[in-house]
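Engineer: here is a sequence with its predicted model. Questions after.
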Amino acid sequence: MSNISQSDVIIVIEEALKIKPGSLQENTRAEEIDNWDSLGQLSILVALDRLFDGKIVSIADMAEADSIPKIFDILKQHSLL
Amino acid sequence: MTIEQHKEIKFSLALDKKIDLVSAPGVFTPNLTTNLLIQAIKNTVSGPTKLLDLGCGTGVVGLALYLQGLTKSPLYASDLSKPAVFCSRENFKRYGCQAEVRNGALFEPWLGEKFDVIVDDISAIAQDIAVVSPWFQGVPCDTGKDGTNLVSEILCSARQYLTDKGFLFFPILSLSNVDILLNVAKENFGTLNRVIRQDWPLPAELKLHMPLLRKLNAEGSIKLEERFGMVLCYTEIYCVTNFQPV
C-alpha cells in the first residue's frame, strides 16, 4: 500500500477533468460529470499514472473504470490504496 | 439560398461559453481538432489579423477567433462544400461578424490575396479511415491512402498567400502519415513549431475497424499506440512561418 489516500485520488481526478474541487464524491459515476467522457478518462489515467509513479499504465481494467468506486476498487486490488 | 435539413449545434468555446451554430448534412461538425486549432492560434497570435479560415465548415474557427478579437474585419473563409459556405455565412451574420466567404477548393478562391494568418481546417486523415469514421459523414475527404494529399498541397502553396510575417496553422493527426507532413512543412517553411498536442482514445466506431487500422499502422500510413488498455491517437497543431518570431 502507498501513502496516497482516497481523497488524494479524488483531488487528482478533479484536476484531470478540470472541474471544481468538491465536484466528485466517493460514489460519483462518469455519466454524472460532463467532462468525464473518453478524453476525460484518458486524462484521469495519465494523471493517476503520474500520482502512482507509472504503475497505472499497465492496468488494462482502468480504461473501463467509469466511476470513483470502480477506480478505488482497482487501485485496492493492485495494493495502491 | 436556403439549405433544407439544416440543424442547430452548439460548440463549447470555453467552460461556460457556447457558440450556437447552424450546420447541415455535408458540413463538418466541429470536434477536438477544431478546439485545438482555436487554442493554438490564441496562444500564438496577440492581436487582430487578416485571417483566412481555409476549409471553414460551419465557420466556427474564424468565428471563435473573431469573438476573441483576433481577426480584422472582414474575416475571410472558404470551403469546397456549398452547404458549408451557406452555413458559415449564416453563422457569421448571426454574431455580427463581417466576412467574405467563398466557395472553392483549397486556395483556388484566393488567387492573388495575402493573409497574416491562414488556418488550415481541412481534412487530414487517411481516406479509408475517413470513410468509416464518425467525422466525415457526407463531407468530402480526398486525402489519399495516408491522409497527406490535401495538407501537403496546402503546405506547398501556402507561402504565396501569406504576408512576409504571416503564419499558417495546420493540424496533424496520427491517423495520417505524420512524418511525410512534417517533411513537407520543413521543405516549404523556415520555421516549424508544434503549438499543442492532445492524445485521444480511438472512438468506438473506429474500434470496429481495427484490422484496417492495424494494416495502415503496419504500413506506416498512420501511428497507433496502445496504453492504459486503450488504443490512442493524437492531434498536434503546428505553426509555420518564414520569418523568425522574436
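Structural biologist: Right, received. Where do you want to start? Given the structure is predicted, the values throughout are model-derived calculations rather than measurements.
Engineer: flag every residue of chain A that's near chain B.
Structural biologist: Contact residues, chain A versus chain B (Cβ under 8 Å from any Cβ of the partner chain): A:18, A:38-39, A:41-42, A:45-46, A:49, A:56-57, A:59-64. All C-beta atoms are positioned from the backbone trio N, CA, C, and that covers glycine.
Engineer: what about 10 Å?
Structural biologist: Within chain A, the positions adjacent to chain B are A:18-20, A:34-35, A:37-39, A:41-46, A:48-49, A:56-65 by Cβ under 10 Å from any Cβ of the partner chain.
Engineer: sketch out the low-pLDDT regions of the chain for me.
Structural biologist: With no chain named, the answer covers chain A. Within chain A, the stretches with pLDDT under 70 are A:1.
Engineer: look at chain B instead
Structural biologist: Residues of chain B meeting the criterion pLDDT under 70: B:1-4, B:14-16, B:138, B:244-246.
Engineer: helices of that one, residue ranges please.
Structural biologist: Using DSSP state H, the helices of chain B run over B:32-44, B:60-67, B:82-94, B:127-132, B:149-157, B:178-188, B:204-207, B:210-219.
Engineer: tell me what the fourth one is packed against?
Structural biologist: If contacts are counted by 3 or more Cβ pairs under 10 Å, 6 or more residues apart in numbering or on different chains; DSSP states H and E, helix B:127-132 sits against helix B:204-207, helix B:210-219.
Engineer: can you check the first one too?
Structural biologist: Contacting helix B:32-44 under the criterion 3+ Cβ pairs under 10 Å, 6+ apart are the following elements: strand B:7-14, helix B:60-67, strand B:115-120, strand B:162-173, strand B:191-201, strand B:230-241.
Engineer: count the neighbours of B:T29 for me.
Structural biologist: The number of residues packed around B:T29, counting by other Cβ atoms under 10 Å in any protein chain shown, is 18.
Engineer: quick one: the helix or strand that contains A:Q41 to helix B:32-44, angle?
Structural biologist: Using DSSP states H and E, A:Q41 sits in helix A:38-51. Going by axes from the mean of the first three to the mean of the last three Cα atoms, to 10 degrees, helix A:38-51 is angled at 60 degrees with respect to helix B:32-44.
Engineer: residues of helix A:38-51 that come out buried?
Structural biologist: For helix A:38-51, the neighbour count (16 or more other Cβ atoms under 10 Å in any protein chain shown) marks A:38, A:40-49, A:51 as buried.
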